[in-house]
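the amino acid sequence is not available; the structure is as follows:
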């Protein structure tokens, strides 16, 4: 599967109801599909998609995200940013983030260029999922 070229930036996105809008000023550092149980539960699908972005490149331009804190299976603490009105998850920010956060790329207005570079936690992937791109074992 060929990788698509990223469009010009900034890019825009938001929640399903439109109350929460954001601007992404630079391309993601990486995009991946995660097959862990938590990402499947959060996405409601066979895997979750995430795009690593520098914290300073994501700006909320309408509304303010609600935050739900949770502890991950690996023991990290993560703040989940979402729309308080419709519940759409926008991003995850690990508390010891190192300047990055995980944007949910399906919330971008233009997703035509969003292609995962890798699949992670494939040891818990559903049996019927066959990635079209190389997979990596769980860290």
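Cool, the structure landed. Note that the structure is predicted; figures quoted are calculated from it, not measured.

next, count neighbours for residue 35.
Residue 35 has 22 neighbours, counted by other Cβ atoms under 10 Å. C-beta coordinates here come from the backbone N, C-alpha and C atoms, glycine included.

quick one: contacts for it?
By Cβ atoms under 8 Å, 6 or more residues apart in numbering, residue 35 lies in contact with 46-47, 119-126, 129.

return the residues in contact with the spatially closest residue to it that is not a sequence neighbour.
Excluding its sequence neighbours, the residue lying closest to residue 35 (Cβ to Cβ, 6 or more residues apart in numbering) is residue 125, at 3.9 Å. Residue 125 is in contact with 35, 46-47, 119, 131, counting by Cβ under 8 Å, 6+ apart.

just checking, next helix/strand downstream of the helix-or-strand element of the chain with minimal mean pLDDT?
Ranked by mean pLDDT, DSSP states H and E, the helix or strand of the chain with the weakest confidence is helix 37-43, at a mean of 83. The helix or strand immediately downstream of helix 37-43 is strand 48-54, counting by DSSP states H and E.

how far out from the middle of the chain is that following strand?
Here strand 48-54 is found 4 Å from its chain centre; the criterion is Cα atoms, centre = their mean, to the nearest Å.
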